[in-house]
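Student: any chance you could fold what I've pasted below:
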Amino acid sequence: MKASDCIAVAKEMIGEGNENTLLLCLNNCLDEIACEYAPSYVTEKAVSYGGIISFSSLSNEVADVVNVTGDNGNVPFEVRANGIYLENNGVYVVKYAVRPTVLSVDDEVALPPKITCRILCYGIIAEYYLISGMFEEAVTWDKRFKDALCAYSHGRKEHRVKQRRWML
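Tutor: Predicted coordinates:
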């Protein structure tokens, strides 16, 4: 689905909206989904110079660093504004969550499988109302958005009910 399709659905749901403003709202929602509810992880090799792996040396924009491994397993690290700080130089494997790229109107929107365009539109509308200064409406739509995302994130895990025995 294209970004323009999501924007059109959101615009239809609220009956108003500037395309550029709604695109900004869409990008904000995708960022929130990727950072808080459905992160996408990448693992890649990186070289530490002066005890630092620069974020610019990684192929994607970093949202969160999960772990860093060296020849002997996991390595202690510290994330700072300009990179990942390590004790030694060398080649490491870095696993990190990726921040989504900013979309234009003609770009394809890549959503996790159970997150629908409708759920995304809830977030777009909440952001739109927040930007427009309509705070009560923003709170209402934000609650719908967060509730739907929570249902998604809790629904991903397999739930089992413990087997019970009948007492006689």
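Student: give the contact list for residue 108.
Tutor: Applying C-beta atoms under 8 Å, 6 or more residues apart in numbering, we find residue 108 in contact with 1-3. (C-beta placed from N, C-alpha, C; glycine too.)
Student: hmm, who's touching the longest helix seen in the chain?
Tutor: For the chain, the longest helix by residue count, based on DSSP state H, is helix 135-155. With contact meaning C-beta under 8 Å, 6+ apart, helix 135-155 is reached by 29, 33, 36-38, 112, 114-115, 119, 122-123, 125-127, 129-130.
Student: go again using 7 Å as the cut-off
Tutor: Outside of helix 135-155, the residues within contact range by C-beta atoms under 7 Å, 6 or more residues apart in numbering are 33, 37, 114-115, 119, 122-123, 125-126, 129-130.
Student: can you pull out the strands in the chain?
Tutor: Here the chain has its strands, by DSSP state E, at 40-48, 52-54, 62-70, 73-74, 78-80, 83-85, 90-98.
Student: now the third one - C-alpha only, CSV.
Tutor: Extracted in CSV, the C-alpha atoms of strand 62-70 (Å, rounded to 0.1, in the frame of the first residue of the first chain):
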residue,chain,number,x,y,z
VAL,A,62,19.8,3.1,14.6
ALA,A,63,16.8,3.2,16.9
ASP,A,64,18.2,1.0,19.7
VAL,A,65,21.3,-1.2,20.1
VAL,A,66,20.4,-4.7,21.3
ASN,A,67,23.8,-6.3,21.7
VAL,A,68,27.4,-6.3,20.4
THR,A,69,29.4,-9.5,20.1
GLY,A,70,33.1,-10.1,19.5
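Student: show me the domain layout of the chain.
Tutor: Per the record, the chain has its domains at 22-33+101-154, 40-98, by automatic domain parsing.
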